[in-house]
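Student: The sequence and its predicted three-dimensional model are supplied below.
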Amino acid sequence: MDKNKLAKREIRRGRLRKRIRAKIKGTADRPRLHVFKSNVYVYTQVIDDQTHQVLATASTQEKDFKDKSRSGKNKEACNLLGEILAGRLKERRIESVVFDRGIYPYHGRVKALAEAMRKEGIRF
């Protein structure tokens with residue numbers, strides 16, 4: 001792939017991130033749930049943007065996740081990841097979050113993660 005094409009893609013992604021983050025802020029009452037997905041794994045963080053603290057994390061690389069699922073890159077894996085993260089949020093008594101999908105469209109794995117968390121009782 002052409003280096004110029006890769007540079008343009010990174011610039012575009014940076015603009016998208018900046019535009020989305022300008023609109024979405026996490027607070028102590030409603031922290032921000034950030035999603036990052038690679039080709040193989042999915043990572044999530046719940047962040048309080050006022051104090052710059054990460055309150056909870058979950059990823060498809062964790063031992064808890066790998067004990068329950070073989071693959072980490074399909075919709076079923078994201079459903080399980082959503083259930084695990086929702087359980088961790090309930091332990092910390094967090095009922096509501098702001099969903100930050102990042103640069104990814106709301107379909108497929110990102111949608112499966114969000115719907116699994118809603119099913120567990122976390123409000124967006």
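Tutor: Thanks, I have the structure now.
Student: mind listing the helices for the chain?
Tutor: 3-23, 63-68, 75-91, 109-119 (DSSP state H).
Student: Now do the same contact list for Ala77.
Tutor: Applying Cβ atoms under 8 Å, 6 or more residues apart in numbering to Ala77 gives the contacts 42, 60, 65, 69, 71, 109. Heads up, the C-betas are built off the backbone N, CA and C, glycines and all.
Student: and the gap between the first one and Val35?
Tutor: The span separating Val42 from Val35 equals 7 Å under the rule Cβ to Cβ, to the nearest Å.
Student: what sits in contact with each of these two?
Tutor: The contact sets of Val42 and Val35 overlap at Leu113 (Cβ under 8 Å, 6+ apart).
Student: Worst mean pLDDT across the helices and strands of the chain, which element?
Tutor: helix 63-68 (a mean of 89; mean pLDDT, DSSP states H and E).
Student: picking up where we left off before, in a markdown table: the helices of the chain, plus distance to Val54.
Tutor: Putting the helices of the chain into a markdown table (distance: least, Cβ to Cβ, whole Å) gives the following:
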| stretch | distance to Val54 |
| --- | --- |
| helix 3-23 | 16 |
| helix 63-68 | 17 |
| helix 75-91 | 12 |
| helix 109-119 | 17 |
